[in-house]
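# Sequence first, predicted model second:
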Amino acid sequence: MTPRKDLLDIASLTDAEIHFVLDNAVPFKDLFKRSVKKVPTLRGQTVLTLFYEASTRTRSSFEVAASRLSADVTHFDIETSSVTKGESVVDTVETLEAMKVDYIVVRHKQAGIPELIARNTHASVINAGDGFHAHPTQALLDAFTIKETFGTMEEHRVVIVGDIKHSRVARSTSLLLRRLGMKVAYLAPGSLMPRDVPKDVTLLKNWDELWAWKPEVTYLLRVQMERQREPFFPSVGEYHKIYGMTDERLARVRDQGLYVMHPGPVNRGVELNDNVMTYERSLINQQVENGIAVRMSVLYWLRPGSLK
Amino acid sequence: MTPRKDLLDIASLTDAEIHFVLDNAVPFKDLFKRSVKKVPTLRGQTVLTLFYEASTRTRSSFEVAASRLSADVTHFDIETSSVTKGESVVDTVETLEAMKVDYIVVRHKQAGIPELIARNTHASVINAGDGFHAHPTQALLDAFTIKETFGTMEEHRVVIVGDIKHSRVARSTSLLLRRLGMKVAYLAPGSLMPRDVPKDVTLLKNWDELWAWKPEVTYLLRVQMERQREPFFPSVGEYHKIYGMTDERLARVRDQGLYVMHPGPVNRGVELNDNVMTYERSLINQQVENGIAVRMSVLYWLRPGSLK
Amino acid sequence: MTPRKDLLDIASLTDAEIHFVLDNAVPFKDLFKRSVKKVPTLRGQTVLTLFYEASTRTRSSFEVAASRLSADVTHFDIETSSVTKGESVVDTVETLEAMKVDYIVVRHKQAGIPELIARNTHASVINAGDGFHAHPTQALLDAFTIKETFGTMEEHRVVIVGDIKHSRVARSTSLLLRRLGMKVAYLAPGSLMPRDVPKDVTLLKNWDELWAWKPEVTYLLRVQMERQREPFFPSVGEYHKIYGMTDERLARVRDQGLYVMHPGPVNRGVELNDNVMTYERSLINQQVENGIAVRMSVLYWLRPGSLK
């Protein structure tokens, strides 16, 4: 396995790298059962978070992952100062490069910014979500969760429901699951279905077609209400009725023993209703826990020493 | 002493627990005189702060306390993101539970939220102030400060002055001091006196009655100017004149050797004037220092291992 | 060398102290080449940042410096709470003093606030910029960068270009460089030139005079667009044309082998243009890296044990 500096998207990963990250997340997760949930692996390394888009959950997940590896974490608080002073991304990166930080975890509303940053620094850059492009650690934690649930990954049938078009989660997770041998289908309103759907993805028009496809996992996407400038569906209630996990659909999901996933945070009453949150085969909280283990594994994989 | 998971209010504490926290705060405070003010007690534990109401002082006090116990501290920055994404408290807690944090320190403007959170997580929940309900670590640091000052706690006479009705500090501190055997009186404008004053609290109408009651400690409450929607008193100047610690009252306080306490931050010119801040029997700064020691003691008391 | 508690400005430093800080920054900078960029020097010490003016870069630089010395860092987040509650600086300092923090790193838009704070606390106070007064760690990192570049410091010729009048950087850096034996000149618009220019500073009216003066370093000041209430120059484009490092001037700078410095963050198209950022003798990023090493050296110099 050739050492690598950055995690920018799923497409550029080799199979060996994917399996390295997924396999090493297992012992990191075991750590959480211990009283001292910490190892000295990254002692003396600095992990800097650079979030141009606020995300308490993802940032905290990386922060806890880094702390459990004994790294020092610094938030470069981009909203309160440099941006208002009109500093460009490239100038910020030159500064961080000069500060000799070891990792930069970046989120930006524009696709490609993490790659731009990676080209301008010796630090390991981890894409924590860029525009509609990629969110690779989400994909890795999703794959890890499915593998953990079924014991294997091949051939499982996962349907992704919702705003596929604007979802970097859908893009990254769908790609990774297919590479790992799974069958993926999309259910989305016409206005929220991307034009360039890969050939090996099955397109479903409605829940009747979804049931007929016989999925084992239903992956509900978050409706990004704050990102939507033009309305892609009539109303939130309408969305829930047509694409959401209603009580009726949940009854059938339970009946067939399907698993439910969601990247969080959920919009109750939109993608799903209250009863889904307590459904015994909901993997939503397991995804959160696995997020920390998988991010520890990613930080470990990209550790500075590994490049030598 | 039965192990316990959470600190939600004073009412639910046993005497043994109260004394455990107060007694163990002593060696933690001694630590502050050393050059290395740190012990490895909570190494590998994660303390997460979840403040729905901003409070630099209380949050910093917990943060420093946790650091001095070698815990890792993460701020779940609730204002900038999840709330604007419409996430409910319960969903946030499910996330934190999945992250396997060890402590959640929570402040919320609504009473009962810490208890709701505690029921939904294995983490130890510490109430850092909820609505008009409780602020138990403030009460414990107040009791500790009085004990430290007098050597004992029984029978001392403490008068609490100000907006009793809207004060979780008054509620928690008054309750704890009375349980520890002290005599408590309230002096408040009629509009700021609660309806359900406990029977063993003496009600005072004005400073003449206060002097006649012969207190040993005058505890001035903060006027929560930012929380007051309707005016409960004519003006700030008026409040100072009628209920504040003016120069005249300070002269008498000094004359009688009374101690002065305040939970901070003070509104100079409202609850008290400049001269109180340098009064030799003001315990206000001692309360801040003791706050860190007492919060270390609370974190130690609730440490994960203690439940086994 | 008499032990000292605070770093408030350059004027109050002895020569021995200046050389102590500059000399000790060398081994700290060497540390950055190692995989574990950390030493246990300040383990158990608490460094508190108190920024009344936002500055992501300076705050991060101090935070990384403190972490690399194994200190605990706490941000006293002054904007979100205490100030809105109307707390005064003096009351905040009394609180921090009571918290027994070891260092307070303070930035304030008003000159003299760090000194006021230093008088009211046992903690070591480091001025991270106060009004138009001083920014001593910037001056020290600038001097360190020049010494590192030339091998020596004496007699080098440094011209400072821009808004001298409102620049604490200019004030502190100019003073330190002259004390270290360098020749300093100012080039500024009349409206941005201070009235009390020291006698040993050469005043230049335009770039022709600048070339004639034969500087070895051109130090471009940041145009503080956010601080300017009244316009001191017609427009940003005008400023660039008259005082900025244009392509024509850069060609001559390159031709003569001059170095370029800037305190950051840069306003591209104002003080300098894009080509300066990649100019081989630009020391701008080196200044950032040295900032961390010099701040580590300052924290080390003022370490609590040194006062005993």
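Cool, the structure landed. Note that the structure is a prediction, hence the values are computed from the model and not measured.
# my guess is residue A:288 contacts residue A:60, does it?
No. Using C-beta atoms under 8 Å as the test, residue A:288 is too far from residue A:60 to be in contact (10.0 Å). Every C-beta, even on glycine, is put in place using the N, C-alpha and C of the backbone.
# Overlap of the contact sets of these two?
Common neighbours of residue A:288 and residue A:60, using C-beta atoms under 8 Å, 6 or more residues apart in numbering or on different chains, are residue B:99.
# Now do the same contact list for residue A:153.
By C-beta under 8 Å, 6+ apart, the contact list for residue A:153 reads A:143, A:146-147, A:177, A:180-182.
# Could you list the residues of the stretch 51-200 of chain A in contact with chain B?
Neighbours of chain B within the stretch 51-200 of chain A, by C-beta under 8 Å from any C-beta of the partner chain: A:54-57, A:59-61, A:63-64, A:67-68, A:79.
# Try it again at 6 Å.
Within the stretch 51-200 of chain A, the positions near chain B by C-beta under 6 Å from any C-beta of the partner chain are A:54-56, A:60, A:63-64, A:67.
# Spatially, which residue comes closest to residue A:89, not counting chain neighbours?
The shortest distance from residue A:89 to any residue that is not its chain neighbour, by C-beta to C-beta, 6 or more residues apart in numbering or on different chains, is 6.1 Å, and that residue is residue A:113.
# In this structure the one you found contacts residue A:130, no?
Yes. Using C-beta atoms under 6 Å, residue A:113 is in contact with residue A:130, at 5.5 Å.
# So between these two, which is more surrounded?
Comparing residue A:113 with residue A:130 by other C-beta atoms under 10 Å in any protein chain shown, the one with more neighbours is residue A:130, at 26 against 21.
# Any chance of the backbone angles for the more buried one?
Summarising the backbone geometry of residue A:130 under the convention degrees, to the nearest 10, its torsions are phi -130, psi 110.
# So it is in contact with residue A:111, correct?
Yes. Counting by C-beta under 6 Å, residue A:130 does reach residue A:111; the two are 5.0 Å apart.
# before we move on, the earlier item: out of the residues of the stretch 51-200 of chain A next to chain B, which comes closest to residue A:275?
Minimum separation from residue A:275 among those (C-beta to C-beta) is found for residue A:56, which lies at 25.7 Å.
# Can you name the residue of chain A nearest to chain C?
With C-beta to the nearest C-beta as the measure, the residue in chain A that lies nearest chain C is residue A:44; the distance is 3.2 Å.
# Report the secondary structure state of the nearest residue to that residue once chain neighbours are set aside.
Once its chain neighbours are removed from consideration, residue A:44 has its nearest residue in residue C:36; the separation is 3.2 Å (C-beta to C-beta, 6+ apart). Look at residue C:36: counting by DSSP: H, G, I helix; E, B strand; the rest coil, its state is coil.
# Near residue C:36, how many residues? Count them for me, please.
Considering only other C-beta under 10 Å, residue C:36 is surrounded by 13 other residues.
# With adjacent residues omitted, what lies nearest to residue A:263?
In space, residue A:263 is closest to residue A:169, 4.9 Å off (C-beta to C-beta, 6+ apart).
# All set, thanks.
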